[in-house]
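>>> Make a model of this:
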Amino acid sequence: MSFLQPFLLVALPLAALPVIIHLINQRRYQTMRWAAMIFLLAANRMSRGYARLRQWLILAMRVAVIAALVFAVSRPLASGWVGLTVGGRADTTIVLLDRSPSMQQTSPGTVTSKLETATQQLAATLSTLGSSHLLLIDSVNCKPIELQSPMALVNSPSTSGASASADLPAMLQAAYDYIHENRAGRTEIWICSDLRANDWNAQSGRWQTLRDAFLQFKAGVRFHLLAYPKMAPGNLSVRITGLRRQVTSDGAELLVSLHLARETGNHESANATNADTAKSNTAQPDDAKLTIPLNFEIDGARSELSIDMTGSDFDLKDHPLPLQQDHPRGWGRVSIPADLNPADNDFYFAYDLPPPRHTLIVADDPQSVRPLQVAAEVSDDPAAESKAEVVSPADLSSIQWENISLLLWQSQLPQGDTADLVRSYIDRGGQAIFFPPANPDETEFHGVHWQTWENPEEELSVDAWRGDQDLLAATNSGAALPVGDLHVRRFCKLSGEFTPLAMLHGSAPLLVRVTTDHGALYFCTTTVAPADSSLASDGVVLFVAIQRALSAGAAILEKTHQVTAGEISSDPDHAWQRLSGDTAALSTEYPAHSGVYTVGEQMYAVNRAAAEDQAAVLSDARIAELFQGLDFVRVDQTAGGVGSLAHEVWRMFLVAMMLAMVVEAGLCLPKRRPAATASFQQRTD
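Below is the predicted model of the structure:
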């Protein structure tokens, strides 16, 4: 049993007052033996058992009356998990609210989402419990916002659904910073989440740091996890995986590739929290055939395509959508019918003519970089114009850097004003690959510098490379690049901090990436010269790597962008204008909501992260491990639940007190005498 006024329970010993009074009353009289009274007592022994029982019952009722009164004024709660029996009301209450797309899931038979249920239940609970200071940290803003009352959780725009994923460690860090900076007293942190693994990032080292930091607070921090882990088997999500514009005899068309995913609830990290969850996971067979109408909207024109889906995944490749010839730039959307989660039923896109791909090659000898020029000029996109220009380091001052898609550098590392130009180019998102010069010097760039050339006795092969991401990743079909077929006859040593992407036999790096705030900076330790490597003769790896870097650099120059919700923030100097999307979203939160927006000449199609479509749920054991050592309580709920999580039941104790008083009064009534005895007494009189 929990109480809102637990300090009043100190009055509970008052329930012993009737017993004490009874014992004191027993000592008020002295016993005197008298023959006549002894005779009467002996005659009354037959009824002594009942009389003693009645006296004990009267005493028990009086004790119950006082005890019930004390319990009632202490304001007991029906939900004991709330755990407020110690310390009374919290000085500060902080609510961490997960607003990610998965929290907008509903349950069968209800239209209330997990997020709406969480805010309603928490508002009702905190209204009952009370708090001196209430704060909200939502997954979009990740900053403490002061709330005037718990009902603001229901009415505030900052508690509505969004398309950006949550970052629970960052939200907890914001809560810790507030407690630390404001020297908050006794604090309670309420976490509302559906426990999706991508939102919790349980593998992050930040959890251990946060756990140790919270343990240092002397006033104490109590954590309440309000969890909604139940998944929605059968829920469908749609995502565009490819977008390509091509010219046709009638004008132009947009080739759209998309992926449909059906929630199965059978992820490795997911666990059924109760029997109902386990049952729902098998409610629909995964191989059931579904006919799904796909609705396309582009430049105001609508079309529909019905597909048959069997299993948990379906891919549609290069579906053509006709474009108006006089509209080279525009936006569109693909939608599926409503289901248990409306947040993953739409996907937006924007298109435009591809910008020219301009590669700048800096070299002392133009002939030595001819293979690089050829690889950069042959575009993998027929609609994109590609050109490569070879210049010397002395000519860089006249270059229009804002039009450069890729920088290939085979000369002494830049320094002075030239280094500043290259840094500015990379900082705006540019791509740069450096190759070693003929005679390296001590010049350093981004903390890296060339050392000396090495001439191994035998050709070196590539032992290991990163095939899961970056320039040497496998193709879309899953086939690995033939990096292992390359041969290196000469390479230059490299010094500094970097991340190897390919390693030669003997643990020497072939291709590395240097950490930057924006853009990408690579160093290749050999050149394309036949005396140095087979990069030119075995040109597949060289071509693919350059084309990938060129595509990434050209994307920065485009005026239409596909971005993930929450990855970019709004600029106060450049207002976001909504073309399509959630009409209820705050303008300051547009980058966190799916839709199409314009910012000056730029157009952004914002969508949820890929991890939101089929994210696993953290296991109970993993959650307990993350909060190990902390004052932590968890309760599981489902979407559509109503009412407060804590109910006051003091009225029940008042009713019990009144019943005890009635019973006590009844037991105190005198025993009725038989009618015959009364008649005999009248005749005697």
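
>>> Show me what the helix or strand where residue 226 lies packs onto, helices and strands only.
According to DSSP states H and E, residue 226 maps onto strand 221-227. Contacts defined by 3 or more C-beta pairs under 8 Å, 6 or more residues apart in numbering; DSSP states H and E place strand 221-227 against helix 114-129, strand 187-193, strand 631-636. C-beta coordinates here come from the backbone N, C-alpha and C atoms, glycine included.

>>> What is the distance between that strand and the centre of its chain?
Counting by C-alpha atoms, centre = their mean, to the nearest Å, strand 221-227 is centred 16 Å from the centre of its parent chain.

>>> What angle do strand 187-193 and it make with each other?
20 degrees (axes from the mean of the first three to the mean of the last three C-alpha atoms, to 10 degrees).

>>> thinking again about what came up before, so which of the helices and strands packed on strand 221-227 is the most packed in?
Most buried of these, by mean neighbour count (mean count of other C-beta atoms under 10 Å): strand 187-193, with a mean of 25.

>>> how far out from the middle of the chain is whichever helix or strand comes after that one?
Sequence-wise, the next helix or strand downstream of strand 187-193 (DSSP H and E) is helix 197-200. Mean-position distance between helix 197-200 and its chain equals 5 Å (C-alpha atoms, centre = their mean).

>>> again with stretch 598-605
26 Å.

>>> what about it, start to end distance?
End-to-end distance of stretch 598-605: 9 Å, with C-alpha to C-alpha, to the nearest Å as the criterion.

>>> what's in contact with it?
Residues outside stretch 598-605 that contact it (C-beta atoms under 8 Å, 6 or more residues apart in numbering) are 329, 331, 348-350, 352, 559-563, 568, 571, 574-577, 579, 591, 595-597.

>>> one step back: take the helices and strands packed on strand 221-227 and write them to JSON lines, including mean pLDDT.
Listed next are the helices and strands packed on strand 221-227 as JSON lines, based on pLDDT from 0 to 100:
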{"stretch": "helix 114-129", "mean pLDDT": "85"}
{"stretch": "strand 187-193", "mean pLDDT": "93"}
{"stretch": "strand 631-636", "mean pLDDT": "86"}
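
>>> between those, which one is nearest to residue 521?
strand 187-193 (37.0 Å; C-beta to C-beta).

>>> Leaving out the residues flanking it, which one is nearest to residue 57?
Residue nearest to residue 57 in three dimensions, not counting chain neighbours: residue 667, with 5.5 Å by C-beta to C-beta, 6 or more residues apart in numbering.

>>> Could you give the backbone dihedrals for that neighbour?
The phi and psi values for residue 667, taken as degrees, to the nearest 10, are phi -70, psi -20.

>>> what about the stretch 101-250 of the chain, any weak spots by pLDDT?
130-131 (pLDDT under 70).

>>> which residues in it form strands?
Counting by DSSP state E, counting those that start in this stretch, the segments of the stretch 101-250 of the chain that form strands are 134-138, 145-147, 187-193, 221-227, 236-248.

>>> I'd like to know which elements the third one is packed against.
With contacts taken as 3+ C-beta pairs under 8 Å, 6+ apart, strand 187-193 sits against strand 92-97, helix 114-129, helix 168-182, strand 221-227.

>>> next one: the second one
Contact here means 3+ C-beta pairs under 8 Å, 6+ apart; on that basis strand 145-147 packs against strand 134-138.

>>> related to what we said a few turns ago, quick check, the residue nearest to residue 57 in contact with residue 56.
No - applying C-beta atoms under 8 Å, one finds residue 667 not in contact with residue 56, separated by 9.8 Å.

>>> and the strands of the stretch 101-250 of the chain as CSV, adding distance to residue 609?
CSV is the format used below for these (distance: least, C-beta to C-beta, whole Å):
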stretch, distance to residue 609
strand 134-138, 17
strand 145-147, 24
strand 187-193, 16
strand 221-227, 21
strand 236-248, 10
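
>>> that older thread, how about the helices and strands packed on strand 187-193, which one is nearest residue 389?
Checked against C-beta to C-beta, the stretch from the helices and strands packed on strand 187-193 lying closest is helix 168-182, at 43.2 Å.

>>> quick one: buried residues of that closest one?
168, 169, 171, 172, 173, 174, 175, 176, 178, 179 (16 or more other C-beta atoms under 10 Å).

>>> With just CA atoms, put it into CSV.
This file holds the C-alpha atoms of helix 168-182, laid out as CSV (Å, rounded to 0.1, in the frame of the first residue of the first chain):
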residue,chain,number,x,y,z
LEU,A,168,17.1,7.8,-24.6
PRO,A,169,20.7,8.3,-23.4
ALA,A,170,20.7,11.9,-24.7
MET,A,171,17.4,12.5,-22.9
LEU,A,172,18.7,11.1,-19.7
GLN,A,173,21.8,13.2,-20.1
ALA,A,174,19.6,16.3,-20.4
ALA,A,175,17.8,15.3,-17.2
TYR,A,176,21.1,14.7,-15.4
ASP,A,177,22.4,18.1,-16.5
TYR,A,178,19.3,19.9,-15.2
ILE,A,179,19.4,18.2,-11.8
HIS,A,180,23.1,18.9,-11.5
GLU,A,181,23.0,22.5,-12.6
ASN,A,182,19.9,23.4,-10.6
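
>>> Relative to the whole chain's centre, how far out is it?
Distance of helix 168-182 from the chain centroid (C-alpha atoms, centre = their mean) equals 16 Å.

>>> Now do it against strand 134-138, angle only.
Put simply, helix 168-182 runs at 150 degrees to strand 134-138, going by the same axes, to 10 degrees.

>>> what does helix 168-182 rub up against?
With contact meaning C-beta under 8 Å, 6+ apart, helix 168-182 is reached by 92, 94, 96, 98, 135, 137, 139, 142-144, 184, 187, 189, 191, 193, 199-201, 204, 206-207, 210, 213-214, 217, 221.

>>> what about burial for those residues, which qualify?
Among the contacts of helix 168-182, those classed as buried by 16+ other C-beta under 10 Å are 92, 94, 96, 98, 135, 137, 139, 142, 144, 184, 187, 189, 191, 193, 199-200, 207, 210, 213-214, 217, 221.
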